[in-house]
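Q: Curious how this folds, go ahead:
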Amino acid sequence: MADTFSRAELSAAERELRSHLAQLASGAWFLRGALSERSSKCGKPSCHCASGELHGSLYLVQSQAGKVRQMCIPRVLQDRVRQAVKNCQEMQRLIEAVSELEWKRLRTRKV
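A: I've put the predicted structure just below:
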């Protein structure tokens, strides 16, 4: 079995998936993990949070080597981090879709 393939051998659906993968991989930020929005009080009696309007924060949570790690994301980076997590999830979805097509091709021996 060859390690490479010609685009002509691929279905239109697979060519489109692979094209989207390449575009995403070439110019996007990626972060694996989940986002967790949390609310808390700071403890200052004169703060608005004392009357119920809590402070919001965003955490990136990830399992690494069997341990959970988390990081509070500064407000200025939240949009970028949200997009990076979405990009990683989309990349994983695309890889899974291409893998499924490869599985079917291998199963039917159309290699």
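
Q: CA only for contacts and neighbour counts going forward, please
A: OK.

Q: There's contact between residue 28 and residue 84 in this structure, I believe.
A: Yes: with contacts counted by CA atoms under 8 Å, residue 28 reaches residue 84, the gap being 7.2 Å.

Q: okay, the two: which has more neighbours?
A: Legend: neighbour count by other CA atoms under 10 Å for residue 28 and residue 84, higher for residue 84 (18 against 11).

Q: Once you drop chain neighbours, what's closest to the more buried one?
A: Nearest non-adjacent residue to residue 84, counting by CA to CA, 6 or more residues apart in numbering: residue 30, 4.4 Å away.

Q: For that neighbour, give me its contacts.
A: Taking CA atoms under 8 Å, 6 or more residues apart in numbering, we find residue 30 in contact with 84, 85, 86, 87, 88.

Q: Pull out the buried residues from these.
A: Buried subset of these (neighbour count, 16 or more other CA atoms under 10 Å): 84, 85, 86, 87, 88.

Q: where exactly do the strands run in this protein?
A: Taking DSSP state E as the test, the strands found in the chain are 34-40, 55-64, 67-73.

Q: ok, the longest one: who's next to it in the sheet?
A: Under the criterion DSSP bridges, strand 55-64 sits next to strand 34-40 (antiparallel), strand 67-73 (antiparallel) in its sheet.

Q: What distance do you get for residue 18 to residue 98?
A: Distance, residue 18 to residue 98, by CA to CA, to the nearest Å: 7 Å.
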